[in-house]
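A.B. asks: Give me coordinates for this.
(chains A, B, C and D)
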2 protein chains.
Amino acid sequence: MDHKKFKSHFQEFLRSKRKNITPERMDILAEVLKQESHFKIDDIIGKMAEAKKPVSRATVYRTIKTIEEAGLIKYIHSINDEKFYEVEEDHHDHMICEICGKFIEFHNDELEALQTSICKSKGFKPSRHTMKIFGVCKNCDQ
Amino acid sequence: MDHKKFKSHFQEFLRSKRKNITPERMDILAEVLKQESHFKIDDIIGKMAEAKKPVSRATVYRTIKTIEEAGLIKYIHSINDEKFYEVEEDHHDHMICEICGKFIEFHNDELEALQTSICKSKGFKPSRHTMKIFGVCKNCDQ
DNA sequence: TCTTAATTGAGATTTATTCTCAATTCCCCT
DNA sequence: AGGGGAATTGAGAATAAATCTCAATTAAGA
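C.D. replies: Sure, this is the predicted structure:
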């Protein structure tokens, strides 16, 4: 939602890594932030071309990787060799319907707490996690 | 552990799908079952060649997919575009050390129960799930 | 403004995975 | 047990996502 915060966060990140703030990078970030929920890199390349801001494929790949390193997006899942990313608005996990392919987002504090305590018991310091539950969604389960 | 059960299960699966039981398929399954924890498809191709049972790359790819469909192995994670699989001895989740790359397996009943109840509340019927916690393991956290 | 290091674009390259199709093998029916 | 037809295999070609190359361009900051 608060995309200004994302943009300044990204600029901070670039500065901290001695990377330049280029129009290509900011344009790609802007396009990424326009995406609703999940997107593919190829979507971004297409949309940039449609708009008046064509950017080379290599640059989009490089920049998506940089945005991911900055923690602003994350890689979710791969379907048919197409990698899906999503903007890290807030943390959540996914249920994925094996019939219609829909992604259902959810968040559960109890689950998060339990994960933290399991890690502690193993002497493991968690930084992030992903959890995906595959199955059949309400609509597809007639 | 009980590899006989895996083999007969695989043969059952093949029959149910009207697929042939070929020596190539059974040899590949046998090699897969020899792997300790995680393995890559390329490992299998290499090991089959070392042994006296060379099988073509295409057949190994095709068969790994079939074994996965039979539910005997599962795809775990991709590191540097190398896909890792593991034998489905019993269900567990993973912690993955971002420093040394080690996979730590764990299982927690409370976590499983919680997942089930979250799904129920969304009207989602789960069939399987994966959960990966990334972070730093005990050894790497000096 | 000027110098230097970083970045970009376009196309070549890499590499995992899939495809093609003729030759071979498995399965099943009689 | 043997034959016919469908399924499978192998070898290499094909595909496609992602990365690399390097000359030309651009950002940063003194």
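
A.B. asks: interface residues of chain A facing DNA strand D?
C.D. replies: A:15, A:20-23, A:41-42, A:57-58, A:61, A:65, A:81-83 (Cβ under 7 Å from any atom of the strand). Heads up, the C-betas are built off the backbone N, CA and C, glycines and all.

A.B. asks: Of those, which is the nearest to chain B?
C.D. replies: A:Lys83 (9.5 Å; Cβ to the nearest Cβ).

A.B. asks: and that closest one, what element?
C.D. replies: Assessed by DSSP states H and E, A:Lys83 sits inside strand A:82-87.

A.B. asks: just A:Phe134 next, same as before
C.D. replies: Per DSSP H and E: strand A:125-136 holds A:Phe134.

A.B. asks: likewise A:Lys120?
C.D. replies: Per DSSP H and E: helix A:109-122 holds A:Lys120.

A.B. asks: and that helix, average pLDDT?
C.D. replies: For helix A:109-122, mean pLDDT is 95.

A.B. asks: how about low-confidence regions in chain A?
C.D. replies: A:1-2 (pLDDT under 70).

A.B. asks: which bits of it sit near DNA strand C?
C.D. replies: Applying Cβ under 7 Å from any atom of the strand, we find that chain A lies next to DNA strand C at A:14, A:18-20, A:22, A:24-25, A:54-59, A:62-63.

A.B. asks: what are the ranges of the strands in chain A?
C.D. replies: Along chain A, counting by DSSP state E, strands occupy A:38-40, A:73-79, A:82-87, A:93-97, A:103-106, A:125-136.

A.B. asks: from those strands, which stretch is densest packed?
C.D. replies: strand A:93-97 (a mean of 20; mean count of other Cβ atoms under 10 Å in any protein chain shown).

A.B. asks: Note down every partner strand of that one and its orientation.
C.D. replies: With DSSP bridges as the test, strand A:93-97 is paired with strand A:103-106 (antiparallel), strand A:125-136 (parallel).

A.B. asks: need the contact list for A:Cys100.
C.D. replies: Shown in contact with A:Cys100 (Cβ atoms under 8 Å, 6 or more residues apart in numbering or on different chains): A:137, A:139-140.

A.B. asks: shouldn't A:Glu86 be in contact with A:His77?
C.D. replies: No: using Cβ atoms under 8 Å, A:Glu86 makes no contact with A:His77, being 9.4 Å away.

A.B. asks: rewinding a little: with distance to A:Lys7 added, can I get the strands of chain A in CSV?
C.D. replies: Putting the strands of chain A into CSV (distance: least, Cβ to Cβ, whole Å) gives the following:
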stretch, distance to A:Lys7
strand A:38-40, 17
strand A:73-79, 13
strand A:82-87, 12
strand A:93-97, 26
strand A:103-106, 23
strand A:125-136, 22
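
A.B. asks: circling back to that earlier point, which one of the strands paired with strand A:93-97 lies closest to A:His91?
C.D. replies: Closest to A:His91 of the strands paired with strand A:93-97, according to Cβ to Cβ: strand A:125-136, at 8.2 Å.

A.B. asks: which residues touch the closest one?
C.D. replies: Under Cβ under 8 Å, 6+ apart, the answer for strand A:125-136 is A:74, A:76-77, A:93-99, A:111, A:115-116, A:119, B:95, B:98, B:115, B:119, B:124-136, B:141.

A.B. asks: Tell me the bridge partners for A:Lys83.
C.D. replies: Bridge pairing for A:Lys83 - DSSP bridges - gives A:Ser78.

A.B. asks: helices and strands around the helix holding A:Lys120, which ones?
C.D. replies: On a contact count with 3 or more Cβ pairs under 8 Å, 6 or more residues apart in numbering or on different chains; DSSP states H and E, helix A:109-122 meets strand A:125-136, strand B:103-106, helix B:109-122, strand B:125-136.

A.B. asks: To A:Lys4, which of those lies closest?
C.D. replies: Smallest distance to A:Lys4 across the helices and strands packed on helix A:109-122 (Cβ to Cβ): 23.9 Å, for strand A:125-136.

A.B. asks: Can you check what angle separates that closest one from helix B:109-122?
C.D. replies: Between the axes of strand A:125-136 and helix B:109-122, defined by axes from the mean of the first three to the mean of the last three Cα atoms, to 10 degrees, the angle is 50 degrees.
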